[in-house]
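Q: Build me a model from this:
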Amino acid sequence: MDERQVYTTFAILILALLLLTRLPAMAEYFTIDNVNLAFSLEKFDPRIHQPQPPGYPFFVFFARIVNVIFGNAERTFVVVSLAVSAAACYVAFALAGRMFSRWAGAAAAFLLLVNPVFWHASLDGPLRPHLALFSLLTASCCWRCWNGEGRFAYWGAVALGVGSGFRPDLIAFLSPLWFVSTWAGTKSWRIVFGACVLLVVIVGVWLGTLIIAMGGIRTFAGVMLGYAVEQSGQGSAVFGSSMVAWLRQINRLVIWNALAVVGWIWALPSALGTRTSIEASPDRARASRHPSSARRGMIVAFFFIWIIPGLIVQAMVHVDAPGHTLYSVAALCVLGGYVLSRLHAREFALGASLLVNAIFFLDFFPLPAAVNDPNRTPSIKNAILFGSFEASIGQVRYLDETTRSTLREIQNFAPKDRPSLIITTDAYVDQWFMNWRIGRYYLPEQDFWILQNNTKPNRVDRVRRDLVLESRETPLEIPIFREGRILWLIEPGSAFHKHIAAVQNLMGGKYVFYSDITPDSPPFTIDGVQIIPKL
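A: Numbers count the residues shown, from 1 in each chain. Just a heads-up that it's a prediction; the model follows:
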């Protein structure tokens, strides 16, 4: 079988395995970010979170093209997720095959395929798998450039520039690898300068698109800075978070990356001790230019520059979801494929690694019982259990069930003979409940009154689907009907829940509560907001 047939056969195999492992388990309901992405298919405006900043302009453009065929955001996102995930696995196979051996390439692709973080991200939505794909594409170009193929300095610029239009954080993560490999492979400042110009032009295309869409540079800068502070402030050392919150961010970063090595790290001592040639790869001709020890040093340097700068950026600034780590997870899977390829019983070792990954993803380890003790000592075991749960099928099912049950309760509790409205808050403290951003997508005719208590100054918004119908700061009040029902979409058991229960006769279900308003009901105040029956 020639090389083209091998690659074609492997691509078909990867696609088949993806369909088998992803389609039956895809998330049924959108998350907040995916709702924003879905609305961006209709109107692109990051100022109103369509999608959320930084906007992902190339992703929106690509998704709109796919949506022309399918005409439905749900189907479009499934197709995009599957296509990008398959491409990432294929590039992992090609890269590890070129760096090490064809067997190492296959092992890298399989490790990525069943990696819990990658598996979870491909079920959760269409955007984050692009981190893995463009990390691998950029690294592949960088490796070939570093090994003397100077034209890949330009292809690396294209991969990084286009990838940053899908995920702008890739610029921060991968620029060091691209710059170092461009210089190391060409030793020409002229080529480096030309490649930099190409990168700047591509970045300028998507950056200019964002600036135009947001109405100018000043608005663009304000939206981006505000979103960065909002998203990163709670866990970022750069934005002044507490030490406890920052350590939690570090814990999650370590755990999600550890899920990419836990299946094969045990084999590292044996792999380093074997005498198997490191040059058994399609780069044999070029490998002969370097002594074995020098080549090993180059590989170590390559992976270090590929992985470590981005980890430092994430540790200091922001990492809040398993899929955020996919740029480094993909690199670790390539490294894992090489480590396993150097073992004598490598097929058995690969099978064991894949089994370990599947066990973590399929959520075999139960979460610890909640303990309401603010003075309890943090537990490493609990941190690992919660971190691995966030990258498992259990997390996907939990979010789906929460949304499904909430929508069903809203339907059941909304009276047919009287008017009703939904009052909710913008965030939760301890227990997740369906955010209004998700609810507006699945209940497009329903008005949501949102108490924005985390903004300065506080305000109240009335939202229907993708429209803000009104926003009130002074006075903070919600005018309601003289007879009807208020549906409360709030965090169960929270201080806000208890406050409402103290002034209203609350009934309801697990996620949605309600109180009936009669002609005799007086106005009442909840958390500084007056609710006045007067319509």
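
Q: The helix or strand in which residue 132 is found: how far from the chain's middle?
A: Of the helices and strands defined by DSSP states H and E, residue 132 is found in helix 129-146. Averaging C-alpha positions (CA atoms, centre = their mean, to the nearest Å) puts helix 129-146 18 Å from its chain's average.

Q: so for that helix, what's the average pLDDT?
A: Model confidence over helix 129-146 averages 98 on the pLDDT scale.

Q: Report all helices and strands that it contacts.
A: helix 73-99, helix 116-124, helix 152-166, helix 169-186, helix 292-316, helix 326-341 (3 or more CB pairs under 8 Å, 6 or more residues apart in numbering; DSSP states H and E). Where you see a C-beta, it was placed from the backbone N, CA and C, and this is true even at glycine.

Q: Comparing those by mean pLDDT, which bottoms out?
A: helix 292-316 (a mean of 92).

Q: next one: it to chain centre, how far?
A: 23 Å.

Q: now swap in stretch 33-45 and tell me
A: In terms of CA atoms, centre = their mean, the centre of stretch 33-45 is found 16 Å from the chain centre.

Q: so residue 525 sits in a strand?
A: Yes: secondary structure of residue 525 (DSSP: H, G, I helix; E, B strand; the rest coil): part of a strand.

Q: what's the closest non-adjacent residue to it?
A: Spatial nearest neighbour of residue 525, chain neighbours left out: residue 531 (7.3 Å); criterion: CB to CB, 6 or more residues apart in numbering.

Q: In terms of helices and strands, where is the one you found?
A: Per DSSP H and E, the secondary structure element for residue 531 is strand 529-533.

Q: Report all helices and strands that that strand contacts.
A: Counting contacts by 3+ CB pairs under 8 Å, 6+ apart, the secondary-structure elements packed against strand 529-533 are strand 477-480, strand 524-526.

Q: neighbouring contacts of the shortest one?
A: Contacts to strand 524-526, defined as CB atoms under 8 Å, 6 or more residues apart in numbering, come from residues 451, 496, 499, 500, 503, 504, 530, 531.

Q: in the protein, what spans have low per-residue confidence?
A: In the predicted model, the chain carries pLDDT under 70 at residues 1, 233, 274-291, 367-378, 535.

Q: Can you get me a residue count around residue 26?
A: Around residue 26 sit 17 other residues, with neighbours defined as other CB atoms under 10 Å.

Q: Test my guess that it contacts residue 78.
A: Yes: using CB atoms under 8 Å, residue 26 is in contact with residue 78, at 5.9 Å.

Q: quick one, which of the helices and strands packed on helix 129-146 is nearest to residue 411?
A: Using CB to CB as the criterion, the shortest distance between residue 411 and these is 19.6 Å, found for helix 73-99.

Q: For that closest one, buried residues please.
A: For helix 73-99, the buried set under the neighbour-count rule, 16 or more other CB atoms under 10 Å, comprises 73, 76-99.

Q: hey, what's the residue nearest to residue 525 bridged with?
A: Note on residue 531: beta-bridge partners by DSSP bridges are residue 478, residue 524.

Q: residues in contact with it?
A: Residue 531 touches 423, 477, 478, 480, 486, 523, 524, 525, counting by CB under 8 Å, 6+ apart.

Q: Spell out which residues sit in contact with the first one, please.
A: The neighbours of residue 423, taking CB under 8 Å, 6+ apart as the test, are 448, 449, 451, 478, 486, 487, 488, 489, 531.

Q: how about a cut-off of 6 Å?
A: The neighbours of residue 423, taking CB atoms under 6 Å, 6 or more residues apart in numbering as the test, are 449, 486, 488.

Q: Report the beta-bridge partner residues of it.
A: When bridges are assigned using DSSP bridges, the partners listed for residue 423 are residue 449, residue 488.

Q: Against residue 530, how distant is it?
A: Distance check for residue 423 against residue 530: by CB to CB, to the nearest Å, it reads 12 Å.

Q: hang on, the earlier thing: show me which of the contacts of residue 531 are buried.
A: Buried subset of the contacts of residue 531 (neighbour count, 16+ other CB under 10 Å): 423, 478, 480, 486, 524.

Q: Give the closest residue to residue 112 in space, chain neighbours not counted.
A: residue 333 (4.2 Å).

Q: Can you tell me which of the helices and strands packed on helix 129-146 is nearest to residue 134?
A: Shortest separation from residue 134 across these is recorded for helix 152-166, at 2.8 Å, computed as CB to CB.

Q: what's that closest one packed up against?
A: Helices and strands in packing contact with helix 152-166 are listed as helix 57-70, helix 129-146, helix 169-186, helix 189-214; criterion 3 or more CB pairs under 6 Å, 6 or more residues apart in numbering; DSSP states H and E.

Q: May I see those helices arranged in TSV, with distance to residue 105 as well?
A: Supplementary listing: the helices and strands packed on helix 152-166 in TSV, determined by distance: least, CB to CB, whole Å:
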stretch	distance to residue 105
helix 57-70	26
helix 129-146	11
helix 169-186	20
helix 189-214	27
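
Q: In CSV, list those helices along with mean neighbour count and distance to residue 462.
A: Putting the helices and strands packed on helix 152-166 into CSV (neighbours: other CB atoms under 10 Å; distance: least, CB to CB, whole Å) gives the following:
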stretch, mean neighbour count, distance to residue 462
helix 57-70, 17, 27
helix 129-146, 28, 35
helix 169-186, 21, 34
helix 189-214, 16, 24
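
Q: closest one to residue 295 among those helices?
A: helix 129-146 (11.0 Å).

Q: what's next to stretch 159-173, contact-wise?
A: 54, 57-59, 130-131, 134, 137-138, 141, 174, 178, 199, 202-203, 206, 310, 313, 327.
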